[in-house]
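J.: sequence-free structure coming up:
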């Protein structure tokens, strides 16, 4: 976090964008000129400077080269990406931003990409009650920032496939209004062309009770991310990722189809809004 001239709190990526703009204008470089130098459009540069778009690592490294700032912006990018996430989660975040496909299985709570701020706030209040209000808000900003990849056009947004256990609809996090908003978010996200959502009903016995995510890439091996009591770390050993994808395929086969999934979510939403 940082402050602007008016005392307003800025997010890490707002600080990054501000610094890029100040460095660019100090060197009398236009957004078009900077874009050409680092391989992006002027519109991309402008959106990064206004924090309407989170930059890529390539952009940060390229700006360091243009401005002669060594690795300052690259290191600032990593810190902004880390935000208020735990350090063990940062490698996953970097993979998530580069992924072509994201296959996620959630058991009790929807994947962080699909959570509303209110739902995330309630989760932090339950799981880490000693955090200050400022710390919680910082974590929420960091979590919501992950959703930028869902609307990204350059590079294209990843294909996101999520299997939710029905418990994600029934564990009442934050109360009825928070749950209603969260279920509406799921319905809205399911309308996206790059998002597929399936529900694993309570009547099905899941092949695993542990949430996990598998990421695929254009020119790199698949990566598995599974969290435990001490956090988690990405794994790319072929045997491990192949087994994870086989498990995910079984979960998808046992889960409801799209129409039945959305119908079940709508019914749960109605229960929370009565």
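T.: Arrived safely, thanks for sending. Since the model is a prediction, treat every value here as computed from it, not as a measurement.
J.: How about the contacts made by the most centrally placed residue in the chain?
T.: The centre of the chain sits closest to residue 146, judged by Cα atoms, centre = their mean, with a distance of 2.9 Å. Applying Cβ atoms under 8 Å, 6 or more residues apart in numbering to residue 146 gives the contacts 93, 96, 112-113. C-beta coordinates here come from the backbone N, C-alpha and C atoms, glycine included.
J.: quick one: which of the residues you listed is nearest residue 129?
T.: Taking Cβ to Cβ as the measure, residue 129 lies nearest residue 112 of the contacts of residue 146, at 19.1 Å.
J.: so what's the closest residue to the closest one other than its chain neighbours scoring on pLDDT?
T.: Using Cβ to Cβ, 6 or more residues apart in numbering and skipping the chain neighbours, the partner closest in space to residue 112 is residue 143 (5.4 Å). At residue 143, the model reports a pLDDT of 87.
J.: go on, residue 88?
T.: Residue 88 carries a pLDDT value of 74.
J.: My read is that it contacts residue 225, right?
T.: No - counting by Cβ atoms under 8 Å, residue 88 does not reach residue 225; the two are 10.3 Å apart.
J.: what about those two, which has more around it?
T.: For residue 88 and residue 225, the more surrounded residue by other Cβ atoms under 10 Å is residue 225, and the numbers stand at 21 against 13.
J.: need the contact list for that one.
T.: Contact analysis of residue 225 by Cβ under 8 Å, 6+ apart lists 92, 95, 212-215, 232-235.
J.: for those residues, which one is nearest residue 32?
T.: Of the contacts of residue 225, the one sitting nearest to residue 32 (Cβ to Cβ) turns out to be residue 95, at 31.6 Å.
J.: and the helix or strand hosting that closest one, what does it pack onto?
T.: In this structure, residue 95 sits in helix 90-98 according to DSSP states H and E. Packing partners of helix 90-98 (3 or more Cβ pairs under 8 Å, 6 or more residues apart in numbering; DSSP states H and E): helix 72-82, strand 212-216, strand 223-225.
J.: follow-up on the earlier one: could you dump the contacts of residue 146 into CSV and include pLDDT and neighbour count?
T.: CSV is the format used below for these (pLDDT from 0 to 100; neighbours: other Cβ atoms under 10 Å):
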residue, pLDDT, neighbour count
93, 85, 17
96, 93, 21
112, 93, 20
113, 95, 20
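J.: Closest one to residue 75 out of those residues, please.
T.: Distances from residue 75 to these, taken by Cβ to Cβ, are shortest for residue 93, at 15.5 Å.
J.: so what sits against both of residue 88 and residue 225?
T.: Common neighbours of residue 88 and residue 225 (Cβ under 8 Å, 6+ apart) are 232-233.
J.: Below-threshold pLDDT in the stretch 1-150 of the chain: ranges please.
T.: Counting by pLDDT under 70, the ranges of the stretch 1-150 of the chain that qualify are 1-9, 82-84.
J.: got the buried residues for the helix or strand harbouring residue 15?
T.: Taking DSSP H and E as the criterion, residue 15 maps to helix 12-26. By 16 or more other Cβ atoms under 10 Å, the buried positions in helix 12-26 come out as 12-21, 23-24.
J.: residues contacting residue 41?
T.: Neighbours of residue 41 in contact, by Cβ under 8 Å, 6+ apart: 35, 154.
J.: same thing but 7 Å
T.: residue 35 (Cβ atoms under 7 Å, 6 or more residues apart in numbering).
J.: Check residue 214 too.
T.: Contacts of residue 214 (Cβ under 7 Å, 6+ apart): 103, 222, 224, 241, 244-245, 248.
J.: of the residues you listed, closest to residue 186?
T.: residue 103 (16.7 Å).
J.: Could you find the closest non-adjacent residue to the closest one?
T.: Here the residue nearest residue 103, using Cβ to Cβ, 6+ apart, is residue 214, at 4.5 Å.
J.: Tell me where this protein has helices.
T.: Ranges of helices within the chain are 12-26, 31-38, 42-49, 57-67, 72-82, 90-98, 117-127, 133-145, 167-170, 176-190, 238-254, 258-273, based on DSSP state H.
J.: How about the contacts made by residue 160?
T.: By Cβ under 7 Å, 6+ apart, the residues touching residue 160 are 102, 113, 150, 194-195.
J.: Top of those by number of neighbours, please.
T.: That'd be residue 102 among those, by other Cβ under 10 Å, with 23 neighbours.
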